[in-house]
Structures are given as C-alpha cells and as structure tokens.
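[1] For reference, the sequence and a predicted model appear below.
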Amino acid sequence: MGLRVLLLGCGRMGGSMLAGWLAQGLDPAAVAVVDPAAEVPPGVRRITQDEALALTPRPDICVVAVKPQMINSVLPAYGPLVAQGTVFLSIAAGITLAGIERMLNAPAAVVRAMPNTPAAIGRGMTVLCANPRVEAPARAACETLLSAVGAVDWVDDEALMDEVTALSGSGPAYVFLLVEAMAEAGRAAGLPPALAEKLARQTVAGSGALLDAQPDEPAALRRAVTSPGGTTAAALAVLMADDGLAPLMKRALEAAAHRSRELAS
Ligand SMILES: NC(=O)C1=CN([C@@H]2O[C@H](COP(=O)(O)OP(=O)(O)OC[C@H]3O[C@@H](n4cnc5c(N)ncnc54)[C@H](OP(=O)(O)O)[C@@H]3O)[C@@H](O)[C@H]2O)C=CC1
Ligand SMILES: O=C(O)[C@@H]1CCC=N1
C-alpha cells in the first residue's frame, strides 16, 4: 500500500483492521500502534504517545480507534501531527468531523469512517465522510486503506453517518444474534444443542456466501427457499407479520442511530 499508518487503539475494531491490512500486504514495519496493553502482530511496533509524535518519517494517516468516551482525552496530544501533514481518520462512533478538529486544536484534514469487524478477513463494509480540508490524494489514501479490508462507499452528508453506524457498523452483531436466536429456537424445539448450533451457524454463513456469490436480490433468494404452502411460508408468515422482523429491525436501527448521536456530545 505504501502508506505509513499510526494506529491509536488496537482493540476489537482497530485490531480487526490491522489484521486485514497485514493480510492484504501492508508492510508491518509501516504500522505503529499506540495502545497501553494490546498485543500487536509480529513486525508491528507498539510505541508510546511521545514516540508517535516523534516518528520519522511522519505517518501519512493516523487511524483513531479508541472508544468514543475517551477520544477527548486521547486526541489533543496528537495535534502537532496536523502541521506535519498527517491525515486523521477516525472510526469512533458518533464523533463528528468538527469535534475531532476541535480536539486536535488545529485545522486538520479529517476523515470519519465507519467500518465493521468482517474487515479482519477482508470482508468489511466501510463508509467514509471527509471534511473540506481533505484533498484528493489524502482521500485516495484513506480509501486505499479501507478498501484493503472490504467494500467502501462515501457519503457527503455527515448526518448519515449515524444511520450508517446503525446499519453496517453495528450490523454484524445483529447477524450473530440471529445465529444465537436460531440455535436457541432449535434447542427449544428439541434438537441436541451442538447440532442446533451447527445448523444455525452453517445456515447463516452459507446464506451469506450465497448472497455474495449471486447477483439476485435478497428477496429473490428468499423466494427460492419458499415453496408455496410449505414450511418456509409458514415461518415467514410469522417473521413478516405486521409485528414481525421489519418493525423490530427499524426500532433497533433507530436506537443505534440515537445512541450514535448521543455519543457526539
Ligand atoms: N467494535 C466494532 O465493531 C466497531 C467499533 N468502532 C469504533 O471503534 C472504536 C474502538 O472500538 P472497539 O475496538 O470496539 O473498542 P476496544 O475497547 O476493543 O478498543 C479500544 C482500544 O483502545 C485502547 N486504548 C485505551 N487508551 C488508549 C490510549 N490512550 N491510546 C491508545 N489506545 C488506547 C484500549 O485499551 P484498553 O482496553 O486497555 O483500555 C483498547 O485496546 C470505537 O470508537 C468504536 O466506536 C467502529 C466500528 C465498528
Ligand atoms: O457498538 C458500538 O458503539 C460500535 C460502533 C459500531 C459497532 N460497534
């Protein structure tokens, strides 16, 4: 990739992205991580805040992957990197472009991104949004970094980032919950626990792979399972009822987006 990356926070999401970058060929020596306790992959340096500020050559991109609740206490120290031309790419849920610039106390080029954990295996989905200080080469560099770990898209309207966070940022958790719920329903119906778990897991993983492999609309793939008057139709009558999955998912996304907006303050 030819980019020098400083990663602040190497927890679940920072670590997932780092794993993806390395798998896609980013030179481990081109990454430095600041995190008080994280284990980093071989070849990647874990450095202190002071060492990060003195890095030569300076990092092209500083990826901010600490919790939103602590970003305010972490970012101000990195303000001096702005004058050196480092672009800040924050993945913190809810934290706005203006908020990041304020914390850095400098006229910074800031990109806000919302990735998701499948980035760890190169199957992520990231949406990006940039402030006007981000010029085309920096925009391309951020896109290169994130597209190395999955699909990317951009939005111009920053307000949409809360809805993006609710859908694709948090979304993997909804899918894993679906596996849990299907397995639990199978167990409750009398299947041996290990078999119920295996069936739920393989069904969701296989369906995801099928969705990925075929250009069809999800609704067409659903209809292909649904024999008229058969078992799937009976189940879908429950799941697609007025009080079924669609209104529940709508409420869940509204709650997540609301929380994202709360994190901004
Ligand atoms: N998890 C996800 O699926 C997604 C998360 N995000 C965003 O990513 C960010 C990180 O979330 P997540 O990975 O889940 O959280 P984690 O708590 O797993 O990761 C945060 C990491 O930052 C470390 N840290 C603490 N203090 C500092 C410091 N001063 N400097 C550098 N690193 C520090 C933490 O160490 P310690 O644990 O020892 O305190 C931890 O390893 C959040 O802002 C979140 O909104 C975005 C998209 C998806
Ligand atoms: O739960 C969270 O706040 C983060 C943001 C999206 C996924 N995880």
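    Cool, got the structure. Bear in mind that the values here come from a model prediction, so they are computed numbers and not experimental data. Ligands and ions are numbered 1, 2, ... in the order given.
[2] Where does Val127 fall, secondary structure wise?
    Using DSSP states H and E, Val127 falls within strand 124-130.
[3] Please put the alpha-carbon coordinates of that strand into CSV.
    Written as CSV, here are the backbone C-alpha positions of strand 124-130 (Å, rounded to 0.1, in the frame of the first residue of the first chain):
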residue,chain,number,x,y,z
GLY,A,124,-15.7,-5.4,5.8
MET,A,125,-18.0,-2.6,4.8
THR,A,126,-16.8,0.9,5.4
VAL,A,127,-18.5,4.2,4.8
LEU,A,128,-16.3,7.4,4.8
CYS,A,129,-17.0,11.1,5.1
ALA,A,130,-14.4,13.8,4.8
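[4] helix or strand right after it?
    Downstream of strand 124-130, the first helix or strand assigned by DSSP H and E is helix 136-147.
[5] Just the CA trace of that next one, in CSV.
    The C-alpha coordinates for helix 136-147 follow below in CSV (Å, rounded to 0.1, in the frame of the first residue of the first chain):
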residue,chain,number,x,y,z
ALA,A,136,-7.8,14.2,-3.3
PRO,A,137,-4.6,12.4,-2.6
ALA,A,138,-5.5,12.0,1.1
ARG,A,139,-9.0,10.9,0.2
ALA,A,140,-7.5,8.3,-2.1
ALA,A,141,-5.1,7.1,0.6
CYS,A,142,-7.9,6.6,3.1
GLU,A,143,-9.9,4.8,0.5
THR,A,144,-6.9,2.6,-0.3
LEU,A,145,-6.5,1.7,3.4
LEU,A,146,-10.2,0.8,3.9
SER,A,147,-10.7,-0.9,0.6
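[6] List the contacts of Leu7.
    Neighbouring residues of Leu7 by CB atoms under 8 Å, 6 or more residues apart in numbering: 14, 17-18, 31-35, 62-63, 65. In short, each C-beta sits where N, CA and C put it, glycine included.
[7] possible to save those residues as JSON lines with neighbour count?
    What follows is the contacts of Leu7, written out as JSON lines (neighbours: other CB atoms under 10 Å):
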{"residue": "Gly14", "neighbour count": "21"}
{"residue": "Met17", "neighbour count": "27"}
{"residue": "Leu18", "neighbour count": "26"}
{"residue": "Val31", "neighbour count": "23"}
{"residue": "Ala32", "neighbour count": "21"}
{"residue": "Val33", "neighbour count": "24"}
{"residue": "Val34", "neighbour count": "24"}
{"residue": "Asp35", "neighbour count": "18"}
{"residue": "Cys62", "neighbour count": "27"}
{"residue": "Val63", "neighbour count": "29"}
{"residue": "Ala65", "neighbour count": "25"}
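[8] so can I have a markdown table of these showing pLDDT?
    Below are those laid out as a markdown table (pLDDT from 0 to 100):
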| residue | pLDDT |
| --- | --- |
| Gly14 | 94 |
| Met17 | 90 |
| Leu18 | 93 |
| Val31 | 95 |
| Ala32 | 96 |
| Val33 | 97 |
| Val34 | 97 |
| Asp35 | 97 |
| Cys62 | 97 |
| Val63 | 97 |
| Ala65 | 97 |
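[9] nearest to ligand 2, of these?
    The shortest approach to ligand 2 among these belongs to Ala65, at 10.6 Å (CB to the nearest ligand atom).
[10] Which residue, other than its chain neighbours, is closest to that closest one?
    Counting by CB to CB, 6 or more residues apart in numbering, Gly14 is the residue found nearest to Ala65 once chain neighbours are left out, at 3.3 Å.
[11] ditto for Asn131
    The nearest residue in space to Asn131 (CB to CB, 6+ apart) is Leu97, at 4.4 Å.
[12] And the pLDDT for that neighbour?
    pLDDT, Leu97: 97.
[13] which residues touch it?
    Counting by CB under 8 Å, 6+ apart, Leu97 touches 110, 112, 129-131, 158.
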